[in-house]
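Chemist: generate a structure from the sequence data that follows.
(one chain, ligands or ions: 1)
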Amino acid sequence: MNELQSTFLAKSEVKAHDLEHKRKISWNIDKYNAAVVKGKEQFADLELARKKAKNIKWKAIEHLDTHLENFEKKFIARGGKVLWANDADEALAQILTICKEQKTTQVVKSKSMVTEEIHLNDFLEKNGIESVETDLGEYIQQLDGEAPYHIVTPAMHKSKEDVARVFHEKLGTAPHLSPTELTLIAREKLRSKYQTAQIGITGANFWIADTGSICVTENEGNARLTTALPKVHIAIVGIEKVLPCIKDLNLFWPLLSTFGTGQKVTSYNTILNGPKQMGESDGPEEMYVIFLDNGRTNLLAEPAVRESMYCIRCGSCLNACPVYKNIGGHAYGATYSGPIGAVITPHMKGMEEFKHLSYASSLCGNCTEVCPLKINIHNMLLVNRQLAVKEGLNGFSENMAWKVWRQSMMSRKLIAMASTGMKNKVFHSIFSKAWANRRNEIKFPAQTFQQMYKQYQHQSTKD
Ligand code: SF4
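Modeler: Sure thing, here's the model as predicted:
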């Protein structure tokens, strides 16, 4: 068992029995579930919309190379700059170069999982650059020194009392402020940062190939300020966030908002085509798009998991997953948690290190059921397990256990032997600690079904 796996198990064990954590998560997810039902009403034929969206993404990912080149051409033609990053280090180096060119001491950021993936904030801080999160949930997490808990709602695990405590401890505010008061304080603290930051950094929910645009979806208006006020805007974008045509937003914006938060449409949806043009009053003087691979082409190269690249990061599968709801987002030890995180992380960050995440599932299939893109998530968790075995990554004891199991299952005699009292002995000496820790002891019947049936038959003929 590697260190990541033992940390995962230890953290999961703690969270799964933390009733207060469960209460907060259930409260938030119940609210989400109620909103999604309402949001779905806007679709005349939701199933058709989901199928169509999947089809668009399938086609787009199959022609990813052409779309990337088309984007680059269009974006450069309007004065934008496109950079390519194979991994996190390359992306960070490119960002640092831009920061140095601009003599930047401060950047503002809007919510972006890609920047979490490359650990941008830590990197900038180490290089003497202040990086300020401007999304309220991210701001709370940054103040508290925690990574986002959920890909859509970063502070989902915190109650309003928790947030008031964080503000009190980190900003010295009164201890029991209301959500409105807390929001106003955050707003006041952040407003001045937009004016002083030389660079604004965002991710993108989609990039559009035919127009060379990026799209940013948000509810607070902070991303608009991040992209409009600083002199330079850098967007770091995963290569898989492609949409072929701008008209595809007709479908993808409502899908993302409905499955992400239950809204019909998110409050602010911005399409950015490049830096400020001649005669325009708003926008950055320079705009960069950094296309990040960082393991995404591993997903592309493996046909059995390629459709995980269709993901629009709505978070729906996290909210539906019984494992996520019990262990929470931080236990996974990965930027992308929940079912989709368990599918993509082993490919993006190493099968050997993260294969255990593919077992963090009951395989109930609820993730697949709720995914707006109908991504076959639970099936890909099985594929990951198969790939790990094929690569010889399962340990000696697991191999042995399966060998013994196979032998036993193929022999009636062995099964019967294991059932005559031995089963209790074997089970209790090997598994009792893991099993009975929080459960009642298991007692296997002394007789097998076959033995009982024989007895029954014998009895019946006698009668
Ligand atoms: S896999 Fe589907 S449900 Fe999960 S975050 Fe992605 S789009 Fe949403």
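Chemist: give me the mean pLDDT for stretch 446-462.
Modeler: Here stretch 446-462 scores 84 as its mean pLDDT.
Chemist: buried residues in it?
Modeler: Under the neighbour-count criterion of 16 or more other C-beta atoms under 10 Å, stretch 446-462 has Thr448 buried. C-beta coordinates here come from the backbone N, C-alpha and C atoms, glycine included.
Chemist: could you list every residue that touches the residue in the stretch 101-250 of the chain that the ligand sits nearest to?
Modeler: Proximity of the stretch 101-250 of the chain to the ligand (C-beta to the nearest ligand atom) peaks at Ile151, 6.5 Å away. By C-beta atoms under 8 Å, 6 or more residues apart in numbering, the residues touching Ile151 are 113, 313, 315, 318, 336-338.
Chemist: if we check the ligand, which of the residues you listed are in contact?
Modeler: Restricting the contacts of Ile151 to those touching the ligand (C-beta under 6 Å from any ligand atom) yields 313, 315.
Chemist: take the contacts of Ile151 and keep only those in helices.
Modeler: Those of the contacts of Ile151 mapping onto helices are 113, 318, 338, per DSSP state H.
Chemist: got a quick PyMOL command for the buried subset of those?
Modeler: Only the buried entries of the ones in helices among the contacts of Ile151 go into this PyMOL selection, using 16+ other C-beta under 10 Å:
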select buried, resi 318+338
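Chemist: now tabulate the ones in helices among the contacts of Ile151 in TSV and tack on distance to Thr105 and pLDDT.
Modeler: Converted to TSV, the ones in helices among the contacts of Ile151 look like this (distance: C-beta to C-beta, whole Å; pLDDT from 0 to 100):
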residue	distance to Thr105	pLDDT
Met113	25	97
Leu318	36	98
Gly338	36	97
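Chemist: so which of the ones in helices among the contacts of Ile151 comes closest to Glu285?
Modeler: Nearest to Glu285 among the ones in helices among the contacts of Ile151: Met113, at 27.1 Å, using C-beta to C-beta.
Chemist: what residues are up against that closest one?
Modeler: Shown in contact with Met113 (C-beta under 8 Å, 6+ apart): 148, 151, 203, 313, 335-336.
Chemist: redo that, cut-off 7 Å
Modeler: 151, 203, 313, 335-336 (C-beta atoms under 7 Å, 6 or more residues apart in numbering).
Chemist: ok, the residues you listed vs Ile95, which is closest?
Modeler: Gly203 (12.7 Å).
Chemist: longest helix of the chain?
Modeler: Scanning the chain for the helix with the most residues, using DSSP H, yields helix 19-40.
Chemist: can you tell if that helix touches the ligand?
Modeler: No - Helix 19-40 does not reach the ligand (C-beta under 6 Å from any ligand atom); its nearest approach is 11.2 Å.
Chemist: thinking again about what came up before, for Ala334, see how far away the residue of the stretch 101-250 of the chain closest to the ligand is.
Modeler: Ile151 sits 11 Å away from Ala334, taking C-beta to C-beta, to the nearest Å as the criterion.
Chemist: one more: Phe43?
Modeler: According to C-beta to C-beta, Phe43 and Ala334 sit 32 Å apart.
Chemist: try Ala44
Modeler: 37 Å.
Chemist: tell me the domain ranges of the protein?
Modeler: As assigned by automatic domain parsing, the chain contains the domains 1-41+309-394, 46-294, 404-462.
Chemist: the ligand contacts on this structure?
Modeler: Within the chain, the positions adjacent to the ligand are 259, 311-317, 340, 370-373, 375, 377 by C-beta under 6 Å from any ligand atom.
Chemist: kindly reformat the domains of the chain as CSV containing distance to Glu302.
Modeler: Listed next are these as CSV, based on distance: least, C-beta to C-beta, whole Å:
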stretch, distance to Glu302
domain 1-41+309-394, 7
domain 46-294, 12
domain 404-462, 27
